[in-house]
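Trainee: Return a 3D structure for these sequence lines:
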Amino acid sequence: MTVQDVRAFNRFYTNLIGALDYGRHLYAPYTLTEARVLYELAHAADTDAADLRSDLALDAGYLSRILNKFEEAGLIERAPSEKDPRRRRVSLTQGGRAAAELLDERARESVGSLLGAVDPGERSRLAEAMRTIRTILGDGHTPEGSGEVVLREPHPGDLGWIVQRNAALYAAEYGWNTDYEGLVARIVADYAEDHDPHLERTWIAEWAGRPVGCVMCVRDDAPGTARLRLLLVEPEARGLGIGDRLVTAVTDFARGVGYRELVLWTNDVLSAARSIYQRHGFVLTAEKPHRSFGKDLVGQDWRLDLHTTGE
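Mentor: Take a look at the predicted model:
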């Protein structure tokens, strides 16, 4: 990707949404920046000029001119802040709120028309592409509307996501080749074609409306033994305790349906995952060097006695 690629995309998108003539695009007397200020005021319980300037990265003089224009038009009121008398609280008047609601309605209609031209089968791909841009170019803030992480059963397409994300992440982070993708694909295919829902289960961790983690619990060849497989957490979701929650889900499920022990196989380079397993009481039982996925690795077998351990 080059600078020109990014600039070409920016020109395409600003033309698409009418950013260069936002007021005419939505039949409203506001520029794109003015509309954004109205939006922030309509969705903030208590804010002042300094907050707006910081949140929107606006020049102080430019923002002051916008607020003066709004005040003259009767859209806002300014008063001393209850939190800090040195600041001026900014709030919408009844007329200002009506203007913001009308602008929001027209923006929704405009975006709705834009999406109406997109094939329904392509909308999930479009949404994923937009999330990817926000994740890669974002500043690390929690995604808008994210909220709580939810563990759920897989939806149609999630098993394919498990294969794709395992292959992509391990290639990016550890340089593993497509042999690993083949292994994951076989594990997932076996589960999809023939699994006992009473004794085997898959969990998807969902955050901000999209999958960010997964794990499987399947029957092992040894009687009374379950196997934990394919634990994964997306990079942007790490540090939220998702890995611990996924492993807890597996151990609680395995213990609840009567398995005597839980086993797993991993590699020594996966230090973050091994730390999670140790916290949950897994014990290392064997190690063996091997050449797999295009790398020299040390495979490890871990075991958890479900009768004598619990959290």
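Trainee: Roughly how far does the residue nearest to Arg260 when sequence neighbours are not counted sit from Leu114?
Mentor: Across the structure, with CB to CB, 6 or more residues apart in numbering as the measure, the residue nearest Arg260 apart from its sequence neighbours is Gly224 (4.0 Å). Where you see a C-beta, it was placed from the backbone N, CA and C, and this is true even at glycine. Distance of Gly224 to Leu114, computed by CB to CB, to the nearest Å: 56 Å.
Trainee: picking up where we left off before, give me the neighbour count for the residue nearest to Arg260.
Mentor: 12 (other CB atoms under 10 Å).
Trainee: Could you pull up the residues touching it?
Mentor: Counting by CB atoms under 8 Å, 6 or more residues apart in numbering, Gly224 makes contact with 258-261.
Trainee: One more pass at 7 Å, please.
Mentor: By CB atoms under 7 Å, 6 or more residues apart in numbering, the contact list for Gly224 reads 259-261.
Trainee: So which of those residues belong to strands?
Mentor: Of the positions in the contacts of Gly224, Glu261 sit in strands, assigned by DSSP state E.
Trainee: Please pick the buried ones from the contacts of Gly224.
Mentor: A residue is treated as buried here by neighbour count (16 or more other CB atoms under 10 Å); on that basis the buried members of the contacts of Gly224 are 259, 261.
Trainee: Mind putting the contacts of Gly224 into JSON lines with distance to Thr132 and pLDDT?
Mentor: Supplementary listing: the contacts of Gly224 in JSON lines, determined by distance: CB to CB, whole Å; pLDDT from 0 to 100:
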{"residue": "Tyr259", "distance to Thr132": "38", "pLDDT": "96"}
{"residue": "Arg260", "distance to Thr132": "43", "pLDDT": "96"}
{"residue": "Glu261", "distance to Thr132": "40", "pLDDT": "96"}
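Trainee: can you put the contacts of Gly224 in TSV and add distance to Leu230?
Mentor: Formatted as TSV, the entries for the contacts of Gly224 read as follows, by distance: CB to CB, whole Å:
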residue	distance to Leu230
Tyr259	18
Arg260	22
Glu261	19
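Trainee: from memory Ala273 sits against Thr266, does it?
Mentor: Yes. With contact defined as CB atoms under 7 Å, Ala273 reaches Thr266; the gap is 6.0 Å.
Trainee: higher neighbour count, the two?
Mentor: Set side by side, Ala273 and Thr266 give different neighbour counts by other CB under 10 Å, the larger being at Thr266 (21 against 18).
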